[in-house]
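A.B. asks: generate a structure from the sequence data that follows.
(2 chains)
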Amino acid sequence: MESTAANDLAIEFRDVSYTLPTGQQVLSGLNLEVRRGQTLVLLGRSGSGKTTTLKLVNRLLSPTGGEVRVNGLATGDVIRLRRSIGYVIQEVGLFPHFTVERNIALVPTIEGWPEERIHTRVRDLLQIVGLEASMASRYPRQLSGGQRQRVGVARALAADPPILLMDEPFAALDPLTRNELQQEFLALQQQLNKTVVFVTHDLREALRLASRIALMEAGRLVTVLPPEDFVRSHDPWAAAYMSAFGVVPASAASRNEVRNEDRNAS
Amino acid sequence: MNFFHFIIENRGQVLELTLEHLWLVGVSTLLAVLVGIPLGIMIARWPRWNKPVLAGANIIQTIPSLALFGFLLPVPWLGERVDRLAILALTLYALLPVIRNTYTGIRGVDPAVVEAGRGMGLTDGQLLFWVELPLAISVILSGVRIAVVISVGLATIAAAIGAGGLGEFIFRGLAMVNNQVILAGAVPAAILALLADSSLGWLERRLRPQ
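C.D. replies: Numbering: from 1, shown residues only, chains lettered A, B, ... in the order given. Just a heads-up that it's a prediction; the model follows:
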């Protein structure tokens, strides 16, 4: 009954607002769509409502107005929903008392996968995120920051969820590791084709990873543009970002820069 | 040397009173754990209950133990058997450290870990038993350890209402103005406290997440 266009949407925000119990309005009038297989980057400064927007998708928060549809549904079992959405956060949040293997295996375990299948899956995932198989028996405290976030990504991918939410996953990493992980993210995304919502305040990261960039400011969506249009945009907020990050707007040079980065990454 | 003679001559009674003492402390600690840990979990989940519950446990602590024993004596079912009464009083005193440490332990779990767990679709129960309690266990145990050490000392007062335990020697010694007899109660009680402290301390270190 639904049109193919609607079926194509993994996530829809319909006139969504979010107000804290204290009365502070965090989000208002948010309309946004994420198509399947697309990487939507939410770009904005701290307090602009990016993380709130992300948490509305896996319903760690519920909208106080409007509705958020995931796979066309605005309601349903929250636990089921969350298990079908991978979640990666900046602090990673690995369970310190679990080995890497048990951390990655978490969702498959609670979903009751047979042990053999879990084991194979963990081994595959370690390879996918570029970690050696010997890491499986380590504890999170024995890993570097970059390795921890790789495990965080593997854990989010474990049950092969169609949607991935990433909240500034690479922001706490050193520039070299961040660069590596961004490259691997692009390679991985080409291979797995997940629907990704990615929060960042880093314009360069956004330009590099996004299919579309949603620019947010003070709880409102300013504009949604593909990276190549973003750098040509005359929007004052987009321009402010570009000058802050030293990206040359409008000219063909900046478009080439984006393309080159993409090529380097893949 | 008189003290050792006294102990050796009365070893049967020393052993009996020590076991009685252990019984009072053991049962009351168990009850305090069974009541205190769920209460601590509750106030960690619903902070609204935090103040009244902790205030209640605090107020109990401020009642002098001898007075509490006295207050409870006329209570029908309790007054019939003084060991029940002593156990209840000791349980009430042990509640505060158990509740407070359970609360502190659970609230002290890294919020990022809890958020990740919730975001991946753990239910409240899974989050509690797989994540929060295992990570809080050493803090909770240190609360139990404080409770036990306090109880070993407090339980000597239970002898004042005839509930037995090593306090018998202490009160008898006080009445007889005989230090040997007092020490026959005080020294084993001190040893019990030290043993309980060190063994629970060991367990606490074993269970502490690295």
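
A.B. asks: for residue A:166, what are phi and psi?
C.D. replies: When read as degrees, to the nearest 10, the backbone of residue A:166 gives phi -130, psi 120.

A.B. asks: ok, the one 4 residues further on next?
C.D. replies: Per-residue torsions, residue A:170: phi -110, psi 0 (degrees, to the nearest 10).

A.B. asks: tally of neighbours for the nearest residue to it once chain neighbours are set aside?
C.D. replies: Spatial nearest neighbour of residue A:170, chain neighbours left out: residue A:178 (4.5 Å); criterion: C-beta to C-beta, 6 or more residues apart in numbering or on different chains. All C-beta spots, glycine's among them, are computed from the backbone N, C-alpha and C. Other residues lying near residue A:178 total 20 when counted by other C-beta atoms under 10 Å in any protein chain shown.

A.B. asks: give the contact list for residue A:178.
C.D. replies: By C-beta atoms under 8 Å, 6 or more residues apart in numbering or on different chains, the residues touching residue A:178 are A:170-171, A:205.

A.B. asks: check residue A:90 too.
C.D. replies: A:167-169, A:171-172 are the contacts of residue A:90 under C-beta under 8 Å, 6+ apart.

A.B. asks: repeat that for 6 Å
C.D. replies: A:168, A:171-172 (C-beta atoms under 6 Å, 6 or more residues apart in numbering or on different chains).

A.B. asks: turn those into a markdown table, columns for neighbour count, distance to residue B:196 and secondary structure.
C.D. replies: What follows is the contacts of residue A:90, written out as a markdown table (neighbours: other C-beta atoms under 10 Å in any protein chain shown; distance: C-beta to C-beta, whole Å; DSSP: H, G, I helix; E, B strand; the rest coil):
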| residue | neighbour count | distance to residue B:196 | secondary structure |
| --- | --- | --- | --- |
| A:168 | 21 | 47 | coil |
| A:171 | 15 | 47 | coil |
| A:172 | 15 | 43 | coil |
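
A.B. asks: which one of those residues is nearest to chain B?
C.D. replies: Chain B has its nearest neighbour among the contacts of residue A:90 in residue A:172, at 10.9 Å by C-beta to the nearest C-beta.

A.B. asks: tell me the contacts of the closest one?
C.D. replies: Residue A:172 touches residue A:90, counting by C-beta under 6 Å, 6+ apart.

A.B. asks: I'd guess residue B:122 is in a helix, am I close?
C.D. replies: No. Using DSSP: H, G, I helix; E, B strand; the rest coil, the secondary structure at residue B:122 is coil, not a helix.

A.B. asks: ok, it to residue A:82 distance?
C.D. replies: 8 Å (C-beta to C-beta, to the nearest Å).

A.B. asks: equivalent analysis for residue A:163, please.
C.D. replies: 10 Å.

A.B. asks: if you count surrounding residues, which of those two has more?
C.D. replies: Just comparing residue A:163 and residue A:82: by other C-beta under 10 Å the higher neighbour count belongs to residue A:82, 24 against 21.

A.B. asks: the more buried one looks like it's in a helix, true?
C.D. replies: Yes. The assignment for residue A:82 (three-state DSSP) places it in a helix.

A.B. asks: contact partners for it?
C.D. replies: Neighbours of residue A:82 in contact, by C-beta under 6 Å, 6+ apart: A:58, B:121.

A.B. asks: middle-most residue in chain B, spatially?
C.D. replies: residue B:147 (3.2 Å; C-alpha atoms, centre = their mean).

A.B. asks: so what's residue B:168 up against?
C.D. replies: B:17, B:159.

A.B. asks: my read is that residue A:100 contacts residue A:133, right?
C.D. replies: No. Contact criterion C-beta atoms under 6 Å: residue A:100 and residue A:133 do not qualify, at 10.2 Å.

A.B. asks: ok, these two, which is more surrounded?
C.D. replies: residue A:100 (26 against 11).

A.B. asks: show me the contacts for that one.
C.D. replies: Taking C-beta under 6 Å, 6+ apart as the test, what residue A:100 contacts is A:135-136, A:138, A:151.

A.B. asks: show me which of those residues is closest to residue A:116.
C.D. replies: Distances from residue A:116 to the contacts of residue A:100, taken as C-beta to C-beta, are shortest for residue A:136 (14.8 Å).
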